[in-house]
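Asker: Return a 3D structure for these sequence lines:
(chains A and B)
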Amino acid sequence: MPVDPVVPVVEITDGAVELGGRPVLRGIDVSVLPGEVLAVLGANGSGKSTLIRSMLGLAPVRRGEVRLFGTPLRDFDDWRRVGFVPQRVSAASGVPATVLEVVSSGRLSHRRPFVPPRRADRAAVESAITAVGLADRVRDSVATLSGGQQQRVLIARALAGEPDLLVLDEPTAGVDLSSQQVFAEALSGLVERGTTIVLVAHELGPLGPLVHRALVMRDGRVAYDGPPIEVFTDADEHGHHHTVTTVDHAPTVAAPFDARRRE
Amino acid sequence: MSLLSYDFMIRALLGALFTGLAAPAVGTYLVQRRLALMGDGIGHIAVTGVAVGLLTGSSPTITAVIVAVIGAVLIEAIRETGRTSGDVALALLFYGGIAGGVLITGIAGQSAATLNTYLFGSITTISPSDVWVTMALALVIVVVAVGLSPQLFTVAQDQEFARVAGVNVRAYNLLVSVMAAVTVTVAMRTVGLLLVSALMVVPVATSQQVTRGFRTTLFAAMTLGTLASLGGVWISAYVDAAPGATIVLLALAGFAAAYPVGVWLRRRERVRRPFVAEDEDEYAVPEPGDHTVVPEQHLHEHGDDCGHPAVPHGDHIDYVHDGHRHAAHGAHYDEH
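Answerer: Numbers count the residues shown, from 1 in each chain, chains lettered A, B, ... in the order given. All right, here's what the predicted structure looks like:
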């Protein structure tokens, strides 16, 4: 009997993604092994965000295949093993929500409809909030928190699901250094427990020491894949902290039933 | 003599009670998804449904439910596929709905007065069977809105996160739309199709003036909606005013009363935490070395969450304070 090779947590073979008819990713072959901490770096518009979104099915691949925990993405339904921290949008939705409520929604994949949260759910939510240092703000409205604190709420929401794979999209963009240090601590706790982490970053900052492997994206292709080298940990040579959204300059004719242009 | 000695009054109050509970429950999710006017749009579309009922001689309530649900599913489909131009598509549906309704009512040979009872409500003419239908549908809506609140909340708050959590986002979005359509037709007899959106949205707007959480907003809105509907029916019985309009004006009066309280609460919150969501880039970091020791007594210990924006500066963190930056240096703070 052959020895079972280690099943990669994330595996993309010959992946290609197009958004709104434009190719964004081409010829992507990436596999992330259990317990690895992978940082995806690159300039704006290089496709690093799209890469991690394709891992989760949020940006479906046009060619090739994505597997999570060895299962093709379309058959994958064990979502409680996956945690996702999206790029921070304004946390204030139309109706106020407390820190507790937002973080509790991270437990959703463990819960059944119409069944109240069990003790394990409450405990996981509580420890996730403590891990990001917001225990004193549990009952506060998310809208009253600072940008860095709101980002911490989103991290806590992903932690509450106790995932085996944590995917973070620019968790440190526009976040003050003290909040960045809180994440670094929270993440290093996860790394010790063997959680696989994939994160997109403009610059690593305090997260640098945690990263095992760096992937540098350029023009929708993987330009470098290997140990993090000093030069890559500050990929944005201009030192910007803000993220610039790339805008499609092709004029859009607005007809009411036009398909949405996906960013 | 009590109003409750009249059967029609009991029916009116029961109808008001249940629509007052159900409408804000659905409205909370619509407001959270920034679709506050969706109820209004569905109301417009339902006018066609009522007219079809008048034309075919079947129950206008049933045809209105069917047409409103079809309309809600269409709106959801347009919303999902179109982004910038979605509102134009919605406008086409809305005006098509109301124009179609007026046209078909005319073809059916019904007067505008008949249509008016649906447009502006006619709670005192509600029949016993209508009351039962109202109560049953409203109950289903309340059970779903409260029972599935974790799922509905997550989907409305962050769709992509919900998708990665394995939630069927499309199904839940559709569920909210269908619930909104059913609510509109349930509330059609109480406040009328043109005012139903007010009962869905105004209590939510009122309660979020003072609430900080989602569940408290949901329950407070349901309470306020119930109070407004019961109060509106009660008042209109004495002063001989249109019940639907009275209910909506009462709900708006509640908002007018809560708004100053909300302003005061928000101002107090800002005073407590003077700096929120500052961008570190706003404070340029000068060359290291040019700093002076803060002369004044510094009683405040800077740290995590102290409310002062933190700015990384070389090997330490500065805190922005009264327009300048403080850096911890031993027992005192340096001023940059």
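Asker: Helices along chain B, start to end?
Answerer: For chain B, applying DSSP state H gives helices covering B:7-32, B:38-56, B:60-81, B:86-107, B:112-119, B:128-147, B:149-157, B:159-164, B:169-187, B:196-207, B:214-239, B:243-272.
Asker: Three-state assignment for residue A:12, please.
Answerer: strand (DSSP: H, G, I helix; E, B strand; the rest coil).
Asker: Tally up the residues packed near it, please.
Answerer: 24 (other Cβ atoms under 10 Å in any protein chain shown). Bear in mind the C-beta positions are built from the backbone N, C-alpha and C, glycine included.
Asker: Pretty sure it sits against residue A:55.
Answerer: Yes. Counting by Cβ atoms under 8 Å, residue A:12 touches residue A:55, with 6.8 Å between them.
Asker: and the helices of chain B as CSV, adding distance to chain A and mean pLDDT?
Answerer: Listed next are those as CSV, based on distance: least, Cβ to the nearest Cβ, whole Å; pLDDT from 0 to 100:
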stretch, distance to chain A, mean pLDDT
helix B:7-32, 4, 92
helix B:38-56, 12, 92
helix B:60-81, 5, 88
helix B:86-107, 4, 86
helix B:112-119, 26, 86
helix B:128-147, 5, 91
helix B:149-157, 4, 92
helix B:159-164, 4, 90
helix B:169-187, 10, 92
helix B:196-207, 7, 93
helix B:214-239, 4, 94
helix B:243-272, 6, 89
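Asker: In a markdown table: those, plus mean neighbour count.
Answerer: Shown next, in a markdown table, are those (neighbours: other Cβ atoms under 10 Å in any protein chain shown):
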| stretch | mean neighbour count |
| --- | --- |
| helix B:7-32 | 25 |
| helix B:38-56 | 25 |
| helix B:60-81 | 20 |
| helix B:86-107 | 17 |
| helix B:112-119 | 17 |
| helix B:128-147 | 17 |
| helix B:149-157 | 24 |
| helix B:159-164 | 21 |
| helix B:169-187 | 24 |
| helix B:196-207 | 28 |
| helix B:214-239 | 21 |
| helix B:243-272 | 16 |
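Asker: got these as JSON lines, with distance to residue A:130 columns?
Answerer: Shown next, in JSON lines, are the helices of chain B (distance: least, Cβ to Cβ, whole Å):
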{"stretch": "helix B:7-32", "distance to residue A:130": "27"}
{"stretch": "helix B:38-56", "distance to residue A:130": "39"}
{"stretch": "helix B:60-81", "distance to residue A:130": "38"}
{"stretch": "helix B:86-107", "distance to residue A:130": "41"}
{"stretch": "helix B:112-119", "distance to residue A:130": "54"}
{"stretch": "helix B:128-147", "distance to residue A:130": "29"}
{"stretch": "helix B:149-157", "distance to residue A:130": "21"}
{"stretch": "helix B:159-164", "distance to residue A:130": "21"}
{"stretch": "helix B:169-187", "distance to residue A:130": "30"}
{"stretch": "helix B:196-207", "distance to residue A:130": "30"}
{"stretch": "helix B:214-239", "distance to residue A:130": "22"}
{"stretch": "helix B:243-272", "distance to residue A:130": "23"}
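Asker: which residues are common contacts for residue A:12 and residue A:55?
Answerer: residue A:66 (Cβ atoms under 8 Å, 6 or more residues apart in numbering or on different chains).
Asker: What sits closest to residue B:20 if chain neighbours are left out?
Answerer: Once flanking residues are discounted, residue B:20 sits nearest to residue B:229: 3.3 Å by Cβ to Cβ, 6 or more residues apart in numbering or on different chains.
Asker: residue contacts, that neighbour?
Answerer: B:16, B:17, B:19, B:20, B:190, B:191, B:199, B:247.
Asker: One more pass at 7 Å, please.
Answerer: B:16, B:17, B:19, B:20, B:190, B:199, B:247 (Cβ atoms under 7 Å, 6 or more residues apart in numbering or on different chains).
Asker: got it, and residue A:31?
Answerer: Contact analysis of residue A:31 by Cβ under 7 Å, 6+ apart lists A:8, A:10, A:11.
Asker: Is it in a helix, a strand, or coil?
Answerer: Assigned by three-state DSSP, the conformation of residue A:31 is strand.
Asker: ditto for residue A:15
Answerer: Applying three-state DSSP: residue A:15 is strand.
Asker: quick one: it from chain B, how far?
Answerer: 18 Å (Cβ to the nearest Cβ, to the nearest Å).
Asker: looking only at pLDDT, what's the mean for the longest helix belonging to chain A?
Answerer: In chain A, with assignment by DSSP H, the single longest helix is helix A:177-192. Averaging pLDDT along helix A:177-192 yields 84.
Asker: Can you tell me the strand partners of the helix or strand following that helix and which way each runs?
Answerer: Using DSSP states H and E, the helix or strand that follows helix A:177-192 in sequence is strand A:196-200. The pairing partners recorded for strand A:196-200 under DSSP bridges are strand A:37-42 (parallel), strand A:165-169 (parallel).
Asker: and the residue of chain B nearest chain A?
Answerer: Closest residue of chain B to chain A, Cβ to the nearest Cβ: residue B:166 (3.1 Å).
Asker: Now do the same contact list for that residue.
Answerer: Contacts of residue B:166 (Cβ under 7 Å, 6+ apart): A:77, A:79, A:109.
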